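Q: Kindly return the folded structure for what I paste below:
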Amino acid sequence: MGFETQDVERKTLSILKVLDSLRRPAGARVIAQHLKEYGVNLSERAVRYHLKLMDERGLTELVGKLDGRAITNKGLEEIRNALVKDKVGFAISRIELLAFRTNFDYESRRGALPVNVSFFPEDKFRDALQAMAPAFDNGFCVSQLMAVANGGKWLGDIIVPEGKVGLATVCSIVINGTLLKAGIPMDSRFGGILQIQNHKPLRFTEIIHYDGSSLDPSEIFIKAKMTSVGEAILTGNGEILSNFREIPAMCRPIAERVLEGLQHAGLDGVVAMGNTSETVCEIPVDPNKIGLVLKGGLNPVAAAQEAGIEAENHGMSTVMDYESLVNFKEIISNANSKNYTLSRY
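A: Next comes the predicted model:
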């Protein structure tokens with residue numbers, strides 16, 4: 001494949017990813033704006049040129065002059081069959097992008113923070129809420145704050161499909177983002193399965209490195225049914241979703257202040273924090289670094305999966321304003337209504 005052809009394919013794949021993430025038809029102007037998130041800078045005119053070629057290949061289709069293009073089934077298949085080298089490292093890139101987009105201020109309690117989005121069948125959502133409740137009540141989550149929306153409504157920049165109920169749970173990347181804004185670099189190493197023994201974190205039993213995966217590891221572990229969140233809550237022994245990070249040891253005082261501020265804002269994502277160069281949950285830590293074990297934001301969804309209620313998960317998917325999130329208990333109290341869409345304001 002020549003360089004020019006390869007460059008066209010990369011731009012084509014990026015446009016397809018934009019249309020897939022938007023989950024609605026879009027015009028050249030909107031697509032050009034979102035392409036910047038993938039490191040692709042194209043003018044509206046250039047986007048229109050590529051869209052015309054993609055129409056001819058059956059990857060996109062013109063919905064209307066006002067609505068723009070929509071991705072086709074063939075376009076979705078093209079994304080799935082993309083070059084492996086384009087997929088590898090996607091997870092770490094997504095973490096870095098969402099950390100950059102996070103501008104939450106825990107003092108004013110305003111700003112955007114990262115969320116995972118899960119789609120449940122509408123007729124199963126009440127059961128899913130009951131299955132997830134113990135995970136939220138017992139702190140097996142990053143936060144009790146969330147957002148819920150019916151089909152056709154929006155969660156961040158993601159639209160909920162008809163016949164589904166969308167659930168946005170706070171993602172542990174909120175810690176990456178707030179520490180980054182405080183001037184602390186964070187090395188996101190992997191997502192994994194953390195063994196809980198006697199109500200305490202023991203060790204990681206499975207790990208997937210972010211820089212070698214195209215998916216959020218939590219999505220993979222949930223789909224493979226490798227968690228036992230319910231058992232961990234009930235008996236104190238089980239396996240939950242967790243993540244491992246490292247920060248420079250000299251940044252500890254600032255990090256502790258930021259983490260305390262997040263706690264006061266209802267965002268408590270830390271399972272364990274080690275000392276300088278100290279092994280944490282049997283994971284060696286680099287010299288002059290501190291290891292952090294973070295809770296997986298999708299643990300409540302994993303609990304629903306364990307109860308036989310499956311969801312379509314999109315980990316590390318978008319950002320939402322803190323002000324738009326509501327407490328889980330408000331969602332539960334509204335469960336008798338078929339209109340699940342709730343906002344704090």
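
Q: which residues in the stretch 151-300 of the chain form helices?
A: 173-181, 217-223, 229-235, 252-264, 299-306 (DSSP state H, counting those that start in this stretch).

Q: most neighbours per residue, which of the ones you listed?
A: helix 299-306 (a mean of 26; mean count of other C-beta atoms under 10 Å). Backbone N, C-alpha and C define where each C-beta goes, glycine included.

Q: The helix or strand following it pairs with which strands?
A: Downstream of helix 299-306, the next assigned helix or strand under DSSP states H and E is strand 312-321. Paired strands of strand 312-321, with direction, are strand 112-121 (antiparallel) (DSSP bridges).

Q: The partner strand: which residues count as buried?
A: Within strand 112-121, the residues that count as buried by 16 or more other C-beta atoms under 10 Å are 112, 113, 114, 115, 116, 117, 118, 119, 120.

Q: Make CSV from these and add pLDDT and distance to residue 279 to it.
A: Converted to CSV, these look like this (pLDDT from 0 to 100; distance: C-beta to C-beta, whole Å):
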residue, pLDDT, distance to residue 279
112, 95, 35
113, 95, 30
114, 96, 28
115, 97, 31
116, 96, 29
117, 95, 34
118, 96, 33
119, 95, 38
120, 96, 38
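
Q: Would you verify that residue 140 is located in a helix?
A: No - assigned with DSSP: H, G, I helix; E, B strand; the rest coil, residue 140 falls outside any helix and is coil.

Q: From residue 127, how far off is it?
A: As judged by C-beta to C-beta, to the nearest Å, residue 140 and residue 127 stand 18 Å apart.

Q: okay, these two: which has more neighbours?
A: Neighbour totals were compared for residue 140 and residue 127, and residue 140 leads with 24 against 16 (other C-beta atoms under 10 Å).

Q: residues in contact with the more buried one?
A: By C-beta atoms under 8 Å, 6 or more residues apart in numbering, the residues touching residue 140 are 134, 229, 232, 233, 240, 295, 299, 300, 303.

Q: Let me know the closest of those residues to residue 27.
A: When the contacts of residue 140 are compared for distance to residue 27 (C-beta to C-beta), residue 300 wins out at 36.8 Å.

Q: The closest one against residue 168, yeah?
A: No - the pair residue 300 and residue 168 does not pass the contact test of C-beta atoms under 8 Å, sitting 11.7 Å apart.

Q: about what we covered before: out of the helices of the stretch 151-300 of the chain, the one nearest residue 74 is which?
A: Once the helices of the stretch 151-300 of the chain are compared by C-beta to C-beta, helix 217-223 is nearest, at 23.9 Å.
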